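>>> I'd like to go over a predicted model; first the sequence, then the structure.
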Amino acid sequence: MSQTAVNPIVVKIGGTLIDQSDAMAALWSALQTLRERSPVVLVHGGGKQMSAMADRLGHSPRRVQGRRVTTDLDLEIAQWTMNGTLNTRLVAQATAHDLTAVGLSGADARQVRVSKRPPWTIDGETVDFGWVGDIDAVDPSLLEGLLGRSVVPIVAPLGVDEEGQIYNVNADTVACALAGALEAARLLFVTGTGGVRRDAADPASHLGTCDTSTFTNGVEEGWIEGGMRVKIETALDALRDGVDRALICAPDDLTERARATEIVL
């Protein structure tokens, strides 16, 4: 149970958005407004920056259905980029926008406890995701304490197991799990293009809502795939875990959400 007077809002952003200065300016302005209404937790990814670092090292990371396979080197890259450069950059930007923020990862205070993902069978292939963690439990007490002090926690998607091994965890999944543990009023996935479209290149194909049936059909027909598939899957999971509302929206529509897609069961 959240210890804050008002149930928080969990906002998730990806690495592509972080590198877009105009989008980030809109995001921080929106977060200032949201913070006046409710406590806010910001969860970030960093896949784009991880891939760029891998390129510099001559390494080619692999993704399966929008999820990254994490080798020993990929895990180090995840810690360098997400829990290092990006997390610190976001804390500094928050400060510049009059928000008091603290950067941390899911490994801090063992708030995101995980176990190694077992191999999956995908399209007839057995896929070992390496150092990718599946979430076993979430302890929201650290975040609740920070939110109670009007601090914005900025969370990098790493987890830890019982032996102290660090794991890479999908950022959408971390946002979903934290939102459920905090009994969040909203889970907002922020993307550069905004909500869900049947045709990514056609704004007129935007969906105001996306329910389980639409999601299933979209996956089968191929217009819901990759990262968007993961976002909708985790949004549906969050609703089942008790989160009031889950939406996918653009940074300049974060407060009004007039062009967002609401995920519904």
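That came through, no problem. In this text the structure is predicted, and so the values were computed from the model without any measurement.

>>> make it CA atoms for all contacts and neighbour counts henceforth
OK.

>>> shaky segments in the stretch 51-200 of the chain?
The stretch 51-200 of the chain contains residues with pLDDT under 70 at 66.

>>> where along it do the strands fall?
Here the stretch 51-200 of the chain has its strands, by DSSP state E, counting those that start in this stretch, at 62-64, 67-69, 101-105, 112-116, 120-122, 125-127, 133-138, 152-156, 158-160, 166-168, 186-190.

>>> using JSON lines, lay out those strands together with mean neighbour count.
Shown next, in JSON lines, are the strands of the stretch 51-200 of the chain (neighbours: other CA atoms under 10 Å):
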{"stretch": "strand 62-64", "mean neighbour count": "12"}
{"stretch": "strand 67-69", "mean neighbour count": "18"}
{"stretch": "strand 101-105", "mean neighbour count": "21"}
{"stretch": "strand 112-116", "mean neighbour count": "23"}
{"stretch": "strand 120-122", "mean neighbour count": "11"}
{"stretch": "strand 125-127", "mean neighbour count": "11"}
{"stretch": "strand 133-138", "mean neighbour count": "19"}
{"stretch": "strand 152-156", "mean neighbour count": "26"}
{"stretch": "strand 158-160", "mean neighbour count": "28"}
{"stretch": "strand 166-168", "mean neighbour count": "27"}
{"stretch": "strand 186-190", "mean neighbour count": "26"}
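
>>> want to throw these into TSV with distance to Pro8?
Conversion of the strands of the stretch 51-200 of the chain to TSV gives the following (distance: least, CA to CA, whole Å):
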stretch	distance to Pro8
strand 62-64	32
strand 67-69	27
strand 101-105	15
strand 112-116	18
strand 120-122	34
strand 125-127	36
strand 133-138	16
strand 152-156	10
strand 158-160	21
strand 166-168	25
strand 186-190	7
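
>>> Thr88 against Gly103, yeah?
Yes: the pair formed by Thr88 and Gly103 meets the contact definition of CA atoms under 8 Å, at 6.6 Å.

>>> who are the neighbours in contact with Thr173?
By CA atoms under 8 Å, 6 or more residues apart in numbering, Thr173 lies in contact with Thr234.

>>> for the host helix or strand of Ala30, what is the average pLDDT?
Applying DSSP states H and E as the criterion places Ala30 in helix 21-37. The average pLDDT within helix 21-37 is 95.

>>> mind giving me the packing neighbours of the helix or strand following that helix?
Downstream of helix 21-37, the next assigned helix or strand under DSSP H and E is strand 40-44. Packing contacts for strand 40-44, counted by 3 or more CA pairs under 8 Å, 6 or more residues apart in numbering; DSSP states H and E, involve strand 9-13, strand 152-156, helix 171-181.

>>> give me the residues contacting the second one.
Going back to what we said before, that points to strand 152-156. 39-45, 82-83, 87, 90-91, 99-106, 143, 146-147, 171.

>>> filter these down to the buried ones.
The neighbour-count test (16 or more other CA atoms under 10 Å) marks 39-45, 82-83, 87, 90-91, 99, 101-106, 143, 146-147, 171 as buried among the contacts of strand 152-156.

>>> for the helix holding Ala30, name the packing helices and strands.
Packed next to helix 21-37, using 3+ CA pairs under 8 Å, 6+ apart, are helix 15-18.

>>> please state the backbone phi and psi of Gly46?
Per-residue torsions, Gly46: phi 170, psi 30 (degrees, to the nearest 10).

>>> wait, it sits on Lys12?
No: under the criterion of CA under 8 Å, Gly46 makes no contact with Lys12, lying 11.2 Å away.

>>> which strand residues bridge Trp120?
With DSSP bridges applied, Trp120 shows beta-bridge pairing to Val127.

>>> same question for Cys249.
Beta-bridge partners of Cys249, as defined by DSSP bridges: Val190.

>>> residues touching it, list them.
Leu188, Phe189, Val190, Thr191, Thr193, Gly194, Gly195, Arg257, Arg259, Ala260, Thr261.

>>> cool, Ala30 as well?
Shown in contact with Ala30 (CA under 8 Å, 6+ apart): Pro251, Asp252, Leu254, Thr255.

>>> try 7 Å
Contact analysis of Ala30 by CA atoms under 7 Å, 6 or more residues apart in numbering lists Leu254, Thr255.

>>> what of Leu75?
Applying CA under 7 Å, 6+ apart to Leu75 gives the contacts Trp131, Asn168.
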